[in-house]
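Enquirer: Sequence and predicted structure below; questions after.
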Amino acid sequence: MDIKEVNVFLDTYSQKYKHTDIHRMRSLMHALGDPQKGMHFVHVAGTNGKGSCSAMTESILRQAGYKTGLFTSPHLVRFNERIQVSGKEIPDDNLAEIMTKVVAANDSLEEKVNWFEIVTAAGLVWFRQQECDIVVLEVGVGGEYDGTNVIDVPDVAVLMNIGLDHMEQLGDTVEKIASTKAGIIKENGDVVIYCGKESVEKIFEARCSEKNAVLHKADFQSIVPVSEEVTLQRFHVGNYNDIELPLIGEHQRKNTAVVLSVIDVLKEKGFSICKEDVYKGLRTVVWPARMQILGRDPLFVLDGGHNPQCVEAVRAGLEKVRKPGQKLVFLSGVLKGKDASEMFRILSGVSRSFVLVAPNSYRAQSVDDLFEIIQQYDCEATMCRTLPKAIETAKSMAGSQGIVCCVGSLYLAGEVLVYFDEERAGRK
């Protein structure tokens, strides 16, 4: 396959949502020579924050001189974003070569794997070919039956904040979801957790006890905020003073505390990481669509938050940077299956001005459906059929001194990034 054929395959492969067992993925990896065997991994699961945690951890390890692999999802603009080595996306030619091998291996199996498992396999093959020192591997959905769980015991298993998302696959309570995600905890491993709901922590504790794994809890008590601006925050945590992080919000301070616990475990295992590596890795981390500033006059904030917990963090972040009386307009689109009603309820607590648009996905909720949902909160909602119109409408409503915040979908966030890139390049 060439890269065009790969893209067609990725757009049309139909077995996407089977998350019931890991044996098919094991068969696929065995057919590929088990490239994941013998590699070092930080395995990151959770509902919210796992992408930020992965990006920060990888950035620190890269600053420490390690050849890193980074596997994340979903992508925002290009599929290649999902598979990176030392901060560089997999090149098209290499992706095409590896996908050809992975698809052929899948075709040879009696039971075919799902879409995400094929993508995961491609990443693992690339990381082996590139001889990565350590790979930061983000779980797709859940944990126990996720394609990434084909790896052996990782150097660190990480369980980030647990919330209600993917409930049709994982369960309708945070406890059920936590039980599925706890499936990444393996025998005699080291586990770092984001401290949250007590019932969730007990599930992780029980799993660690069952697997004789060592549990490490992130230190949230030592977090001391120093300053928070639109594009940078400073804070202390643990033995680190004046951390500078270009990701804003209290939740990112907590995510950082988790990352520092991960780094401590890696250091105990022999990884050479000094304090300056940590400071520089955090200061230079890049993780798009997380309270990202894309423009000014008005201030344009982009966040891929797509569940109530994410949106609550966005609301809190906006309250930190919003000036008294400053006009705030939400530009929003949501996928089917997401709790649009609860997200709109949270957002309407800080502004009742909305512009609605459908993300470019077959899973998108229509703007008509979103308009009907938002009516219960007595909001001023404008429906737009195209993204350029939605952006211009939101900016006009906010005025030059206001704020536009795009939130609700990572798919929509990717489209917005493309729009602004093209605008900067003079193609709009």
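Expert: Looks like it arrived, so ask away.
Enquirer: Now the residue nearest to residue 150 when sequence neighbours are not counted. Its backbone dihedrals?
Expert: Counting by C-beta to C-beta, 6 or more residues apart in numbering, the nearest residue to residue 150 once its immediate chain neighbours are dropped is residue 25, at 4.7 Å. The way it works is simple: take the backbone N, C-alpha and C, and place the C-beta from them, glycine included. Listed backbone geometry of residue 25 is phi -70, psi -40, with angles given as degrees, to the nearest 10.
Enquirer: what separates stretch 157-165 from the chain centre, distance-wise?
Expert: 11 Å (C-alpha atoms, centre = their mean, to the nearest Å).
Enquirer: With stretch 321-331 instead?
Expert: Taking C-alpha atoms, centre = their mean, one finds the center of stretch 321-331 at 26 Å from the center of the full chain.
Enquirer: List the buried residues of that stretch.
Expert: Within stretch 321-331, the residues scored as buried using 16 or more other C-beta atoms under 10 Å are 321-322, 326-331.
Enquirer: Alpha carbons only: can I get it in CSV?
Expert: This file holds the C-alpha atoms of stretch 321-331, laid out as CSV (Å, rounded to 0.1, in the frame of the first residue of the first chain):
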residue,chain,number,x,y,z
VAL,A,321,-8.4,34.4,32.7
ARG,A,322,-11.7,36.2,32.1
LYS,A,323,-11.9,39.8,33.1
PRO,A,324,-15.0,41.2,34.9
GLY,A,325,-17.7,41.9,32.4
GLN,A,326,-15.8,40.4,29.5
LYS,A,327,-18.1,38.9,26.8
LEU,A,328,-17.7,35.1,26.5
VAL,A,329,-19.1,33.1,23.6
PHE,A,330,-18.9,29.3,23.3
LEU,A,331,-18.4,27.7,19.9
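Enquirer: Can you tell me the centre-most residue of this protein?
Expert: The centre of the chain sits closest to residue 51, judged by C-alpha atoms, centre = their mean, with a distance of 3.2 Å.
Enquirer: helix/strand/coil for that one?
Expert: helix (DSSP: H, G, I helix; E, B strand; the rest coil).
Enquirer: Which pLDDT value belongs to it?
Expert: Note for residue 51: predicted pLDDT of 93.
Enquirer: cool, and residue 290?
Expert: With respect to pLDDT, residue 290 scores 87.
Enquirer: Start the count at 50 instead of 1 going forward.
Expert: That works, and once the first residue is 50, the last one we named lands at residue 339.
Enquirer: tell me the contacts of it?
Expert: Contacts here follow C-beta atoms under 8 Å, 6 or more residues apart in numbering; on that basis residue 339 touches 100-101, 296, 301, 352-353.
Enquirer: Residue 245 now?
Expert: With contacts taken as C-beta under 8 Å, 6+ apart, residue 245 has the following neighbours: 210-211.
Enquirer: quick one: the helices in the stretch 50-199 of the chain?
Expert: Counting by DSSP state H, counting those that start in this stretch, the stretch 50-199 of the chain forms helices over residues 52-61, 72-80, 99-112, 141-156, 164-178, given from the N-terminal end onward.
Enquirer: swap that for the stretch 350-477 of the chain, please
Expert: Under the criterion DSSP H, counting those that start in this stretch, the stretch 350-477 of the chain carries helices at the ranges 357-370, 389-397, 416-423, 436-447, 459-473.
Enquirer: so which of those helices comes closest to residue 190?
Expert: helix 459-473 (13.5 Å; C-beta to C-beta).
Enquirer: Show me what that closest one packs onto, helices and strands only.
Expert: Helices and strands in packing contact with helix 459-473 are listed as strand 341-344, strand 348-351, helix 436-447, strand 452-456; criterion 3 or more C-beta pairs under 8 Å, 6 or more residues apart in numbering; DSSP states H and E.
Enquirer: outside of the first one, which residues touch it?
Expert: When contacts are taken as C-beta under 8 Å, 6+ apart, the neighbours of strand 341-344 outside the stretch itself are 279-280, 348-352, 465-466, 469.
Enquirer: among the helices of the stretch 50-199 of the chain, which is nearest residue 240?
Expert: Taking C-beta to C-beta as the measure, these were each checked against residue 240, and helix 99-112 came out nearest at 13.5 Å.
Enquirer: Run the chain-centre distance for that closest one.
Expert: Counting by C-alpha atoms, centre = their mean, helix 99-112 comes out at 12 Å from the chain centroid.
Enquirer: which helices and strands does that helix pack with?
Expert: For helix 99-112, the packing partners by 3+ C-beta pairs under 8 Å, 6+ apart come out as strand 90-94, strand 117-120, strand 183-187, helix 299-317, helix 324-332.
Enquirer: and if we set it to 10 Å?
Expert: For helix 99-112, the contact count by 3 or more C-beta pairs under 10 Å, 6 or more residues apart in numbering; DSSP states H and E identifies strand 90-94, strand 117-120, strand 132-134, strand 183-187, strand 205-208, helix 299-317, helix 324-332 as packing neighbours.
Enquirer: re the thing from before, what residues does the residue nearest to residue 199 make contact with?
Expert: For residue 74, the set of contacting residues under the criterion of C-beta atoms under 10 Å, 6 or more residues apart in numbering consists of 162-163, 165-167, 169-170, 194-199.
Enquirer: Kindly state which of the helices of the stretch 350-477 of the chain is positioned closest to residue 50.
Expert: Of all those, helix 459-473 comes closest under C-beta to C-beta, at 23.6 Å.
Enquirer: pLDDT on that closest one, on average?
Expert: If you average the pLDDT over helix 459-473, you get 91.
Enquirer: one step back: would you mind saying which of the helices of the stretch 350-477 of the chain lies nearest residue 177?
Expert: Of all those, the one in closest proximity to residue 177, counting by C-beta to C-beta, is helix 459-473 (27.9 Å).
Enquirer: Counting neighbours, what do you get for residue 236?
Expert: Burial of residue 236, expressed as a neighbour count using other C-beta atoms under 10 Å, amounts to 10.
Enquirer: how much space between it and residue 441?
Expert: With distances defined as C-beta to C-beta, to the nearest Å, the gap from residue 236 to residue 441 amounts to 56 Å.
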